[in-house]
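> please find the sequence and the predicted model below.
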Amino acid sequence: MIIDIEKEVWIKPKISINRVSEKNKEVSVSFKNILLQKWYIAALRYEIPGYPNDTEKVLSSEGYWNDEYIKVEKDLILVTWAASSSGKMSTCLWQIYHEVVLWQDSGYAKYETFPIWNLPLEHPVNLAYEAATADIGDYNTIDTYHQKAYSMNSVNYNRDVEAFEIVSRLSNSLLPIWNFTREYKPPTDMGINTAWFCITDDEVVRNASIAEIDRRINWYNEVIQRWEGDLIWIERCNKIKERL
């Protein structure tokens, strides 16, 4: 995927190696050295005990400050990877945390397709998202921050809601008052998502979403049989189907 990105955008990606721990540090350092030999810039990011709930530790020398910084020159930086829970959001916040010390005015926003915030919590599209992330235990929830700020419902997912306190604390305590990131009142504000406005036939979308849930069940079965997995992934999908 790294090479594909490089060919597509004609830019050599800078690589964040996330979730480094004592158990995997040796292989992580070895991987970093391989990347350096290929003229990539790479940085190690360490697991933070209590993340994301222990905000004090995250925003301290024991948290983000302990990670290696990647120097960037462009005004717009795209952070991407191939899977959920790969540390994209945390990577952005860690960079911002370091750049505050360097007197650089950085902010953060995310393109987030699913869940679709202005569809109902139990809409098949949003349930299909839960099925797609059953292996990491994601679930959709009502954004209570959004309710409080705007007196209206918005659908988000657990990890964004759990990590929003870090965004809020980082923004309000460290970023300058003109930084746009300080304007985020709920987690939903962080995302750029206009998918709902593109739906022209809700029935077609619903049917496709139901088919996607079944496809995920089949895929999880295949993974479990061929390699390694957990039957709880399929149990979660079956419980999701009961909510249709």
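Done, it's in. As the structure is a computational prediction, the values presented were derived from the model and not from experiment. Residues are numbered from 1 along each chain as shown.
> Leu93: which element?
If you go by DSSP states H and E, Leu93 is part of helix 88-101.
> can you check Arg19 too?
Short version, using DSSP H and E: Arg19 is in strand 15-20.
> now Arg45
If you go by DSSP H and E, Arg45 is part of strand 42-46.
> who does the next helix-or-strand element following that strand touch, helix- and strand-wise?
Using DSSP H and E, the helix or strand that directly follows strand 42-46 along the chain is helix 55-58. Counting contacts by 3 or more Cβ pairs under 8 Å, 6 or more residues apart in numbering; DSSP states H and E, helix 55-58 packs against helix 158-174. C-beta coordinates here come from the backbone N, C-alpha and C atoms, glycine included.
> packing partners for the helix it packs on?
helix 55-58, helix 88-101, strand 140-142, helix 144-150.
> give me the contacts around it.
Applying Cβ atoms under 8 Å, 6 or more residues apart in numbering, the external contacts of helix 158-174 come out as 52-53, 55, 58-59, 85, 89-90, 93, 96-97, 100, 108, 112, 138-141, 143-145, 179, 181-182, 184, 186-187, 190-191.
> which of the residues in that helix are classified as buried?
159-161, 163-168, 170-171 (16 or more other Cβ atoms under 10 Å).
> once you drop chain neighbours, what's closest to Ser28?
Closest residue in space to Ser28, ignoring its immediate chain neighbours: Val20 at 4.6 Å, by Cβ to Cβ, 6 or more residues apart in numbering.
> gap between the one you found and Glu26?
10 Å (Cβ to Cβ, to the nearest Å).
> more crowded one of the two?
Higher neighbour count among Val20 and Glu26: Val20, with 20 against 9, using other Cβ atoms under 10 Å.
> retrieve the pLDDT associated with that one.
We have a pLDDT of 95 for Val20.
> shaky segments in the protein?
In the predicted model of the chain, residues 1 satisfy pLDDT under 70.
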